[in-house]
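Undergrad: how would this look folded up:
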Amino acid sequence: MTSTAQAPQSGAGTAHPDHLGHVIFIAAAAAMGGFLFGYDSSVINGAVEAIRDRYDIGSAALAQVIAIALIGCAIGAATAGRIADRIGRIRCMQIAAALFTISAVGSALPFALWDLAFWRIVGGFAIGMASVIGPAYIAEVAPPAYRGRLGSFQQAAIVIGIAVSQLVNWGLLNAAGGDQRGKLMGLEAWQVMLGVMVVPAALYGLLSFAIPESPRFLLSVGKRERAKTILTEVEGKDVDLDARVAEIEHAMKSEHRSTFKDLLGGGFFFKPIVWIGIGLSVFQQFVGINVAFYYSSTLWQSVGVDPTDSFFYSFTTSIINIIGTVIAMIFVDRVGRKPLAIIGSVGMVIGLALEAWAFSYDLVGGKLPTTQGWVALVAAHIFVLFFALSWGVVVWVFLGEMFPNRIRAAALGVAAAAQWIANWAITASFPSLADWNLSGTYVIYTVFAALSIPFVLKFVKETKGKTLEEMG
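TA: Here you go, the predicted structure:
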């Protein structure tokens with residue numbers, strides 16, 4: 001029997017929900033995990049110097065406390081899929097929300113440095129879960145005709161989370177008289193910054209009770225009637241429900257569960273396509289983008305910028321990040337993935353090289369000379385803009401499309417793991433590298449941005465306009 005006979009056409013591909021606003025609400029609620037992802041990733045920016053001062057630690061130890069959350073991220077991302085398949089997508093979101101809340105309280109009230117590091121790991125685990133479960137849930141619930149646009153909610157929520165955390169940090173620092181260790185509500189300002197995450201974490205948990213379970217999960221546990229009800233809710237009354245259920249069940253039965261063993265082959269352990277995915281992930285991180293979100297206020301203070309101004313510049317960088325992400329969403333399907341990546345790489349090389357030049361000058365009176373200071377500030381925004389409109393979005397699009405169906409899930413897992421590891425390496429090394437030579441550090445990032453151009457040109461194939469089946 002042919003697969004068409006096994007899975008009758010339901011009309012879901014062109015169907016429109018009766019209440020699009022309700023479907024948008026469902027996707028936005030799930031994307032709150034992305035908001036927390038962005039918020040938690042960036043909120044530590046406001047606490048770095050206060051943590052260094054309070055616990056009297058050097059750059060190497062400080063870097064480990066900042067970067068250790070990424071260990072939790074890797075574990076959370078690796079286990080989220082299995083947890084979601086066992087207990088459901090909604091329960092998985094609720095666990096992540098609870099861990100976010102606990103982490104926020106623990107991080108705000110640490111009694112020792114190791115205690116703060118532990119709560120960072122707990123928060124990281126929640127980030128890892130949210131980074132996997134949000135996009136997966138939206139893809140499963142969104143009507144096919146709207147899947148691309150609704151799927152972009154996750155990335156949009158991440159960059160908005162980054163911007164909001166920087167704005168809140170700036171407001172709290174002003175309330176504390178410009179001192180990260182100034183008193184607010186009986187705590188030091190940096191503790192309040194970390195504790196504020198309780199609010200969006202609790203909101204994420206509450207929203208998870210207001211949205212339905214994924215029809216795909218419900219069918220996997222035999223709850224067909226409930227699945228049909230939700231399919232009607234999100235895809236509309238015009239869909240042939242029996243045929244739609246048959247489509248989903250047929251797809252679930254015919255799926256090949258890719259394993260690590262499927263990735264092996266070729267002359268260097270992995271298949272070449274897997275190495276290309278790893279390369280994209282590593283280049284995305286080795287240009288130093290997370291330095292802009294974890295350490296930007298520290299960076300500006302190190303070259304003589306007032307703490308309050310440094311927090312404001314971190315916020316403006318986040319706004320530029322949002323603008324760049326919107327540009328990428330508009331053009332990724334029009335211009336193509338490869339051209340956007342190359343444009344972004346060229347822009348990043350210019351921005352990073354200018355920063356390296358500016359930071360090569362000696363401080364005068366504890367500050368960069370005026371010209372170099374302005375060049376560094378403008379160049380930092382250029383770098384973030386070109387990253388956001390290219391590699392920030394394009395890499396995830398490539399990773400979702402470039403692998404053959406048979407190995408897609410496993411290859412994505414390896415590429416994502418490589419990304420977390422590269423992220424950790426950059427985050428953990430920056431304070432020590434900056435102490436060694438700040439300009440030299442930015443030269444290293446510039447070199448990686450430059451190397452990404454021939455890498456894309458030679459090894460990466462355009463995936464625009466191709467079906468997933470065409471990838472092999």
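Undergrad: pLDDT below threshold where in the stretch 251-400 of the chain?
TA: Scanning the stretch 251-400 of the chain for pLDDT under 70 picks out the ranges 254-258, 266-268.
Undergrad: for T463, grab the count of nearby residues.
TA: T463: 18 surrounding residues under other Cβ atoms under 10 Å. All C-beta spots, glycine's among them, are computed from the backbone N, C-alpha and C.
Undergrad: for the stretch 51-200 of the chain, just list every one of the strands.
TA: In the stretch 51-200 of the chain, the segments counted as strands under DSSP state E, counting those that start in this stretch are 183-184, 187-188.
Undergrad: quick one: mean pLDDT over the last one.
TA: Spelled out, that is strand 187-188. For strand 187-188, the per-residue pLDDT values average out at 92.
Undergrad: can you list the residues that contact it?
TA: A50, R54, A108, L109, Q180, R181, G182, G195 (Cβ atoms under 8 Å, 6 or more residues apart in numbering).
Undergrad: let me see the confidence value for the fourth one.
TA: In this prediction, L109 carries a pLDDT score of 93.
Undergrad: from the contacts of strand 187-188, which has minimum pLDDT?
TA: Among those, pLDDT bottoms out at Q180, giving 82.
Undergrad: so how far is D179 from the nearest residue to that residue once chain neighbours are set aside?
TA: Leaving aside its chain neighbours, Q180 sits nearest to A50 (3.8 Å; criterion: Cβ to Cβ, 6 or more residues apart in numbering). Per Cβ to Cβ, to the nearest Å, A50 is found 9 Å from D179.
Undergrad: out of the two, which sits in the more crowded spot?
TA: Taking neighbours as other Cβ under 10 Å, A50 and D179 compare with A50 leading, 20 against 15.
Undergrad: what sits against the more buried one?
TA: So A50 contacts Q180, R181, E188, A189, W190 (Cβ under 8 Å, 6+ apart).
Undergrad: one more pass at 6 Å, please.
TA: Q180, R181, W190 (Cβ atoms under 6 Å, 6 or more residues apart in numbering).
Undergrad: and what of L206?
TA: Listed by Cβ under 6 Å, 6+ apart, the contact set of L206 is empty.
Undergrad: and what of A30?
TA: By Cβ under 6 Å, 6+ apart, the neighbours of A30 are G134, Y137, I138.
Undergrad: swap in 10 Å and give it another go.
TA: By Cβ atoms under 10 Å, 6 or more residues apart in numbering, the contact set of A30 is 89-90, 93, 130, 133-138, 140-142, 150, 153-154, 157, 204, 207-208, 211, 214.
Undergrad: tell me how far it lies from F270.
TA: 32 Å.
Undergrad: likewise W424?
TA: Distance from W424 to F270, by Cβ to Cβ: 20 Å.
Undergrad: settle it for me: which of those two has more neighbours?
TA: For W424 versus F270, neighbours defined as other Cβ under 10 Å are more numerous around W424 (21 against 18).
Undergrad: buried residues, stretch 42-59. List them.
TA: 42-52, 54, 59 (16 or more other Cβ atoms under 10 Å).
Undergrad: likewise for stretch 432-442?
TA: L433, A434, L438, T441, Y442.
Undergrad: now it, how far from the centre of its chain.
TA: Relative to its chain's centre, stretch 432-442 lies at 26 Å (Cα atoms, centre = their mean, to the nearest Å).
Undergrad: for that stretch, C-alpha coordinates in PDB please.
TA: The C-alpha trace of stretch 432-442 is given here as PDB (Å, rounded to 0.1, in the frame of the first residue of the first chain):
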ATOM      1  CA  SER A 432      41.200  36.100  31.400                       C
ATOM      2  CA  LEU A 433      41.800  37.000  27.700                       C
ATOM      3  CA  ALA A 434      40.600  40.600  28.400                       C
ATOM      4  CA  ASP A 435      43.100  40.900  31.400                       C
ATOM      5  CA  TRP A 436      45.800  39.600  29.000                       C
ATOM      6  CA  ASN A 437      45.100  41.900  26.100                       C
ATOM      7  CA  LEU A 438      41.600  43.300  25.200                       C
ATOM      8  CA  SER A 439      42.600  44.400  21.700                       C
ATOM      9  CA  GLY A 440      44.200  41.000  21.100                       C
ATOM     10  CA  THR A 441      41.000  39.300  22.200                       C
ATOM     11  CA  TYR A 442      39.000  41.200  19.600                       C
END
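Undergrad: what's next to it, contact-wise?
TA: 58-60, 62-63, 288, 291, 295, 298-299, 302-303, 351-361, 376, 379-380, 383, 426, 429-431, 443-445.
Undergrad: so which of the residues you listed belong to helices?
TA: 59-60, 62-63, 291, 298-299, 302, 351-359, 376, 379-380, 383, 426, 429-431, 443-445 (DSSP state H).
Undergrad: in helices only, show me the contacts of A30.
TA: By the criterion of DSSP H, membership of those in helices covers 89-90, 93, 130, 133-138, 140-141, 150, 153-154, 157, 204, 207-208.
Undergrad: what's the distance between G128 and A74?
TA: 6 Å.
Undergrad: any residues in contact with both of those two?
TA: Common neighbours of G128 and A74, using Cβ under 10 Å, 6+ apart, are A416, W420.
Undergrad: neighbour count winner among the two?
TA: When neighbours are counted by other Cβ under 10 Å, G128 and A74 differ, and G128 comes out ahead with 27 against 20.
Undergrad: tell me the one among the buried residues of stretch 42-59 nearest to L20.
TA: S42 (31.4 Å; Cβ to Cβ).
Undergrad: residues in contact with the closest one?
TA: With Cβ under 10 Å, 6+ apart, S42 has these contacts: 158-159, 161-166, 169, 290, 292-294, 296, 314, 317-318, 321.
Undergrad: likewise for K271?
TA: D262, L263, L264, G265, G277, F403, P404, I407, A411.
Undergrad: apply 7 Å and report the result again.
TA: L263, G265 (Cβ atoms under 7 Å, 6 or more residues apart in numbering).
Undergrad: what's the spacing between it and K338?
TA: Counting by Cβ to Cβ - K271 and K338 are separated by 21 Å.
Undergrad: same check on D242?
TA: Separation of D242 from K338 (Cβ to Cβ): 42 Å.
Undergrad: with neighbour numbers in mind, choose between the two.
TA: K338 (17 against 12).
Undergrad: burial count for S302?
TA: Counted with other Cβ under 10 Å, S302 comes out at 19.
Undergrad: now do I230
TA: By other Cβ under 10 Å, 19 other residues sit near I230.
Undergrad: you'd agree it is up against R216?
TA: No: contact status for I230 versus R216: not in contact, 10.0 Å apart, counting by Cβ atoms under 7 Å.
Undergrad: what about the buried residues of stretch 432-442, which are in helices?
TA: L433, A434, L438, T441, Y442.
Undergrad: only alpha carbons, please: show stretch 244-256 as PDB.
TA: Extracted C-alpha coordinates of stretch 244-256, given in PDB (Å, rounded to 0.1, in the frame of the first residue of the first chain):
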ATOM      1  CA  ARG A 244      -5.600  14.500   9.900                       C
ATOM      2  CA  VAL A 245      -5.200  12.100  12.800                       C
ATOM      3  CA  ALA A 246      -4.200   9.400  10.200                       C
ATOM      4  CA  GLU A 247      -1.600  11.700   8.700                       C
ATOM      5  CA  ILE A 248       0.000  12.400  12.100                       C
ATOM      6  CA  GLU A 249      -0.100   8.700  13.200                       C
ATOM      7  CA  HIS A 250       1.400   7.600   9.800                       C
ATOM      8  CA  ALA A 251       4.200  10.200  10.100                       C
ATOM      9  CA  MET A 252       4.900   9.100  13.700                       C
ATOM     10  CA  LYS A 253       5.100   5.400  12.700                       C
ATOM     11  CA  SER A 254       7.300   6.000   9.600                       C
ATOM     12  CA  GLU A 255       9.800   8.300  11.500                       C
ATOM     13  CA  HIS A 256      13.300   6.900  11.800                       C
END
